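> Okay, predicted coordinates and the sequence, questions at the end:
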Amino acid sequence: MQSIATVRSPFTKSGAGMSRRDIVAEIVVREDLAVALTGIEEWSHLIILFWMDQLAGKPDRLTTHPRHRADLPEVGVFWARGAERPNPIGLAVVEC
């Protein structure tokens, strides 16, 4: 697998206090692949698959309380949308 772009955003590892809907990021595509974006302006949304390269190691647990709130039922880490997961693959649907 090869990287085709880099994401630049204000999102930090903790992300404390940030709503995902408020994050504005820039996706910088490799120059040699720029022609592959031809026609992209016709779409309203994109599906972005990304590698969370700043995560390290495996999660301590495979279940968690969403948003670390004990008042919410414990669920599997894939459902909770957190960064603690067995692999660092992420998915986002973004507005163009």
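In hand now; what should we look at?

> any idea which residue sits dead centre in this protein?
Geometric centre of the chain, nearest residue: Gly90, 4.3 Å, by CA atoms, centre = their mean.

> What's the separation between the residue nearest to it when sequence neighbours are not counted and Met1?
The shortest distance from Gly90 to any non-neighbouring residue, by CB to CB, 6 or more residues apart in numbering, is to Phe50 (4.7 Å). For the C-beta atoms, the positions are set from N, CA and C on the backbone; glycine is no exception. Distance, Phe50 to Met1, using CB to CB, to the nearest Å: 12 Å.

> number of nearby residues for the closest residue to Glu84 other than its chain neighbours?
Nearest non-adjacent residue to Glu84, counting by CB to CB, 6+ apart: Pro59, 4.0 Å away. Around Pro59 there are 14 other residues, counting by other CB atoms under 10 Å.

> wait, isn't Pro59 in contact with Arg85?
Yes - between Pro59 and Arg85 there is a contact at 6.1 Å, judged by CB atoms under 8 Å.

> who touches both of the two?
Val77 (CB atoms under 8 Å, 6 or more residues apart in numbering).

> From Glu84, how far out is the residue of the chain positioned farthest from its centre?
In the chain, the residue that sits farthest from the middle, by CA atoms, centre = their mean, is Asp71; the gap is 25.2 Å. Asp71 is 19 Å from Glu84, where distance means CB to CB.

> ok, back up a step: got the contact list for the residue nearest to Glu84?
77, 84-86.

> just the residues you listed now: which is nearest Glu26?
Minimum distance to Glu26 across the contacts of Pro59 is 24.7 Å, recorded for Arg85 (CB to CB).

> Can you give me every residue that contacts the residue farthest from the centre of the chain?
Residues near Asp71 by CB under 8 Å, 6+ apart: His65.

> Quickly find the element holding it.
Assigned by DSSP states H and E, Asp71 belongs to neither a helix nor a strand.
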